[in-house]
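*Asks:* Here is my input; please provide its structure:
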Amino acid sequence: MKKIFDYTAQELFRMLNDSSECTQIEAKGKADILRSEKGGKPDKFNYHSLMETVCSFSNEPDLGGGVILLGVGENKDDFFQRFSVEGIRDTDQAQLDIATQCKTIFNIPVYPQIRVEVVDGQNILVIRVPELSQRQKPLFFKQQGLPKGAYRRVGSADLHCTEDDLRVFYIDSVTGYDQTPIPGATVDEVDPEAIKRYRLLRKQVNPNAEELVYNDQDLLESLGCVCPENKRQLNLAGVLLFGTYKLQRRTIPTARIDYIRVPGNKWVEDPEASFHSIDMLGAQLLTLYRLVDAVNSDLPKGFLLREGELQADSTGLPVRVLREAIVNAMMHRSYREGRPTQIIRYDNRIEITNAGFSLKEPEELGTPGSKIRNTVLAPIFHDTNLAETKGTGIKRMRELMAKAHLAQPTFESSRDQNEFTIRLLLHHFLCDEDLKWLAQFETDDLNDAQKTALIFVREVGAIDNMTYRQMSNTETLKASRELRAMRDAGLLTDRGKGSATYYKPGDRLLAAMQTRYQGDTERYQGDTERYQGNAERYHGDVAPSQTIDGQGDGKSVDDQKYHGMEEKYHALPSNVRWKLEGLGAHASKGQLREAILLLCSVQPMTKENLAEYLHRNADYIRIKFLKDMIKAKELRFRFPEMVKHPSQAYITNQQQEKPHE
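*Replies:* Take a look at the predicted model:
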């Protein structure tokens with residue numbers, strides 16, 4: 001698998017236009033680095049923005065660094081060609097300036113690799129910035145100091161560090177967060193059944209394991225589940241693996257795992273709708289089995305007869321896959337985040353979401369080697385054979401899913417949201433029914449990956465480049481070409497921009513789905529007006545008085561746009577109506593933020609819904625409020641299982657937790 005430093009400038013440029021700026025690629029054009037001087041003097045370079053990116057690439061843990069393309073600018077008005085080559089005239093001077101600044105403006109010198117490469121006939125600089133070692137971090141601007149002078153890479157943004165970020169840099173690299181002492185947690189509240197379960201599992205793996213002869217206190221010490229300074233005090237790993245329900249409820253209540261049974265194939269439409277939910281706390285060595293049993297008993301079972309043979313193969317979801325997926329969430333979860341792990345069972349799939357992005361790049365999932373977030377939990381799960389060793393768990397899951405004639409599992413890792421999702425589709429791909437259904441597309445000359453993608457879209461409603469790559473085991477550029485080919489054929493239609501691009505059913509696929517579902521296309525239509533022919537979604541409808549670049553407040557200049565809102569407005573609770581009436585044309589950002597929270601507490605709100613109620617532009621609402629409110633945990637996504645969901649909306653924490661009670 002190619003690393004980011006292995007790509008040529010031409011390949012990186014193509015990747016930018018296919019997926020926009022990503023975590024490891026940054027484009028810097030003239031608008032970013034040139035500063036004009038008065039009096040007709042030539043433009044001078046101002047590299048501060050570039051140095052911020054150097055700093056963030058150097059600091060971000062487990063990112064592996066990144067690449068800056070200097071001389072590539074963004075075309076904000078061109079939807080199809082997001083980036084263009086602007087070139088660098090004096091490459092020698094630019095290299096000297098960058099090398100000098102990298103050596104002098106930070107607390108320690110850094111030495112990126114800088115090369116001149118030609119793209120579209122023009123010279124650009126390719127700056128490869130490696131990640132610093134743990135002992136060298138954090139890198140920061142000397143004049144600004146800490147924490148503000150240090151930067152981290154979050155998504156495609158370079159963000160100032162906070163005091164909390166600094167803890168990540170200064171923590172011992174061999175010590176995981178799961179070794180954090182838990183005040184008030186002692187070995188007296190260890191569940192004896194959990195100790196018995198560990199001994200049983202360990203004995204099955206290695207009957208001669210030395211720790212099996214230890215007493216309970218010595219066993220906990222040998223496993224690293226107590227604090228070195230006070231061996232009667234449990235650390236986080238000890239509480240998670242062996243603590244009683246009462247202990248966990250008192251000390252780490254948000255470490256629970258929620259199993260939610262949602263009717264249909266979408267997240268809960270109505271918060272008051274009835275559905276099944278089980279919230280589990282207790283020693284993980286015990287709750288793991290209860291979770292697997294609860295989910296497995298709720299899954300459809302079937303058999304596939306082999307031609308000419310008397311025996312049959314089970315076609316249900318393999319229990320080993322389910323167990324591996326749940327253990328993965330327990331073992332790799334970031335317990336710094338105070339939010340439960342969710343196992344959501346839809347009619348056609350299971351989605352398991354835990355806090356903590358994958359420390360391995362998504363393209364490397366399933367390859368040998370593992371990166372451990374929790375240094376005590378992981379070895380215990382491995383030693384008891386509850387988790388595959390050496391990073392082979394995902395590979396084993398894929399093999400078992402293929403053997404069961406099920407779709408390959410897909411994985412979504414988000415640094416921005418700091419979460420990881422495993423998606424297990426329960427549909428049996430390319431069965432006789434599917435082959436008959438796909439026959440209507442024979443003239444399109446689709447390969448197997450494209451056929452599989454059509455069925456995935458039929459079942460889930462959308463697909464993006466990452467999901468397609470995982471299903472087809474292909475690279476980014478090839479996946480983009482094959483998805484665009486289906487778009488051009490009318491089978492798919494694309495939504496969003498750059499890295500946020502996803503694909504929904506096109507007209508031809510919708511027609512085929514209508515015949516299969518006998519006209520039941522509510523899952524995919526219903527918002528046609530919102531997504532079809534909606535030019536402002538791509539090109540913007542921002543009038544001069546409602547700019548979104550920080551110079552305006554986003555107020556609408558088209559009163560007709562909100563005509564007909566009376567019925568929706570009067571349906572709101574009185575306290576919300578009063579709040580909206582008091583906003584006025586010059587409401588502060590604090591007032592608007594409060595109004596957004598009130599509206600989203602009533603029902604899920606899209607950015608378009610909020611724009612209507614607040615008489616502001618939708619993009620202004622998203623950029624100035626929604627992104628920050630999601631990061632601050634004031635709001636959550638309505639469809640957390642797919643952040644790029646075409647019908648994504650926003651809800652408050654209280655509203656999302658309400659159905660779980």
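
*Asks:* From now on I want contacts and neighbour counts done on CA atoms only, so please keep to that.
*Replies:* Noted.

*Asks:* For residue 263, see how far away the nearest residue to residue 572 once chain neighbours are set aside is.
*Replies:* Once flanking residues are discounted, residue 572 sits nearest to residue 602: 7.7 Å by CA to CA, 6 or more residues apart in numbering. As defined by CA to CA, to the nearest Å, residue 602 lies at a distance of 22 Å from residue 263.

*Asks:* buried ones in the host helix or strand of residue 397?
*Replies:* According to DSSP states H and E, residue 397 maps onto helix 393-403. By neighbour count on 16 or more other CA atoms under 10 Å, the buried set for helix 393-403 is 393-394, 396-398, 400-401.

*Asks:* would you list these in a markdown table and tack on distance to residue 288 and pLDDT?
*Replies:* Formatted as a markdown table, the buried residues of helix 393-403 follow (distance: CA to CA, whole Å; pLDDT from 0 to 100):
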| residue | distance to residue 288 | pLDDT |
| --- | --- | --- |
| 393 | 16 | 72 |
| 394 | 18 | 77 |
| 396 | 19 | 82 |
| 397 | 17 | 84 |
| 398 | 21 | 81 |
| 400 | 20 | 83 |
| 401 | 21 | 81 |
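
*Asks:* I'd like to know which of these is nearest to residue 411.
*Replies:* Nearest to residue 411 among these: residue 394, at 9.7 Å, using CA to CA.

*Asks:* Next one: that closest one from residue 400, what distance?
*Replies:* 10 Å.

*Asks:* next structured bit after the helix holding residue 397?
*Replies:* Next along from helix 393-403, by DSSP H and E: strand 410-414.

*Asks:* which other helices and strands contact that following strand?
*Replies:* Identification of packing neighbours for strand 410-414 by 3 or more CA pairs under 8 Å, 6 or more residues apart in numbering; DSSP states H and E yields strand 419-425, helix 465-472.

*Asks:* Pull the residues that contact it.
*Replies:* Here strand 410-414 makes contact (CA atoms under 8 Å, 6 or more residues apart in numbering) with 155, 357-358, 362, 419-424, 466-467, 470-471.

*Asks:* Not counting sequence-adjacent ones, nearest residue to residue 193?
*Replies:* Per CA to CA, 6+ apart, closest to residue 193 is residue 286, 7.9 Å.

*Asks:* pLDDT score for that neighbour?
*Replies:* Per-residue pLDDT puts residue 286 at 94.

*Asks:* Show me which helix or strand of the protein is least confident by mean pLDDT.
*Replies:* helix 536-539 (a mean of 29; mean pLDDT, DSSP states H and E).

*Asks:* Could you give the bridge partners of the residue most central in space within the chain?
*Replies:* Geometric centre of the chain, nearest residue: residue 414, 2.4 Å, by CA atoms, centre = their mean. Note on residue 414: beta-bridge partners residue 419, judged by DSSP bridges.

*Asks:* Stretch 114-126: end-to-end distance?
*Replies:* Terminal residues of stretch 114-126 are spaced 6 Å apart (CA to CA).

*Asks:* What's the mean pLDDT across it?
*Replies:* 93.

*Asks:* Just confirm residue 316 is within a helix.
*Replies:* No. Read with DSSP: H, G, I helix; E, B strand; the rest coil, residue 316 is coil and lies in no helix.

*Asks:* Relative to residue 186, how far out is residue 640?
*Replies:* Here residue 640 is placed at a distance of 36 Å from residue 186 (CA to CA).

*Asks:* I misspoke; the intended subject was residue 290.
*Replies:* In this view, residue 290 and residue 186 are 25 Å apart by CA to CA.

*Asks:* More neighbours: which of those two?
*Replies:* Set residue 290 next to residue 186 and count neighbours by other CA atoms under 10 Å: residue 186 wins out with 19 against 13.

*Asks:* is that one in a bridge, and if so with what?
*Replies:* Bridge pairing for residue 186 - DSSP bridges - gives residue 233.

*Asks:* just for the stretch 351-500 of the chain, where's the confidence low?
*Replies:* Per-residue confidence for the stretch 351-500 of the chain (pLDDT under 70) gives these ranges: 361-370, 389-392, 416, 427-431, 497-500.

*Asks:* Do a quick rundown of the helices in the stretch 351-500 of the chain.
*Replies:* Assigned by DSSP state H, counting those that start in this stretch, the stretch 351-500 of the chain shows helices spanning 377-383, 393-403, 432-438, 448-460, 465-472, 476-488.

*Asks:* Kindly reformat those helices as a markdown table containing distance to residue 591.
*Replies:* Listed next are the helices of the stretch 351-500 of the chain as a markdown table, based on distance: least, CA to CA, whole Å:
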| stretch | distance to residue 591 |
| --- | --- |
| helix 377-383 | 45 |
| helix 393-403 | 47 |
| helix 432-438 | 53 |
| helix 448-460 | 38 |
| helix 465-472 | 38 |
| helix 476-488 | 42 |
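
*Asks:* Of all these, which one is nearest residue 104?
*Replies:* helix 476-488 (37.1 Å).

*Asks:* The chain - how does it break down into domains?
*Replies:* If you go by automatic domain parsing, the domain ranges for the chain are 4-170, 174-303+312-426, 432-529, 549-660.

*Asks:* Tell me the buried residues in stretch 413-428?
*Replies:* For stretch 413-428, by 16+ other CA under 10 Å, it's 413-415, 417-428.

*Asks:* tell me which of those residues is nearest to residue 97?
*Replies:* Proximity of those to residue 97 (CA to CA) peaks at residue 415, which lies at 31.7 Å.

*Asks:* Run a quick check on that closest one versus residue 154, I expect a contact.
*Replies:* Yes. Counting by CA atoms under 8 Å, residue 415 touches residue 154, with 6.2 Å between them.

*Asks:* hmm, back to that, and the helix or strand where the residue nearest to residue 193 lies, what's buried?
*Replies:* Counting by DSSP H and E, the element that carries residue 286 is helix 284-296. Residues 284-288, 291-292, 295-296 are the ones in helix 284-296 that count as buried (16+ other CA under 10 Å).

*Asks:* about what we covered before: please report the distance of the residue nearest to residue 193 from residue 327.
*Replies:* In terms of CA to CA, residue 286 sits 12 Å off from residue 327.

*Asks:* quick one, helices of the stretch 51-200 of the chain?
*Replies:* With DSSP H, counting those that start in this stretch as the criterion, the stretch 51-200 of the chain has helices spanning 91-104, 163-170, 192-205.

*Asks:* most tightly surrounded among these?
*Replies:* helix 192-205 (a mean of 16; mean count of other CA atoms under 10 Å).

*Asks:* neighbouring contacts of that one?
*Replies:* Contacts to helix 192-205, defined as CA under 8 Å, 6+ apart, come from residues 209, 212, 216, 241-242, 283, 285-286, 383-385.

*Asks:* rerun that using 10 Å as the cut-off
*Replies:* 207-209, 211-213, 216, 219-220, 241-244, 282-287, 380-386 (CA atoms under 10 Å, 6 or more residues apart in numbering).

*Asks:* what about residue 277, helix or strand, and which?
*Replies:* strand 276-280.

*Asks:* quick one: that strand to helix 284-296, angle?
*Replies:* Taking axes from the mean of the first three to the mean of the last three CA atoms, to 10 degrees, one finds strand 276-280 and helix 284-296 inclined to each other by 170 degrees.

*Asks:* For residue 107, which residues are in contact?
*Replies:* With contacts defined as CA under 10 Å, 6+ apart, residue 107 is in contact with 136-143, 145, 149-150.

*Asks:* Grab the two from these that are most spread out in space.
*Replies:* 136 and 143 (18.1 Å).

*Asks:* Between these two, which has more neighbouring residues?
*Replies:* residue 136 (14 against 10).

*Asks:* The domains of the chain: lowest mean pLDDT?
*Replies:* Of all these, the minimum mean pLDDT falls on domain 549-660 (a mean of 73).
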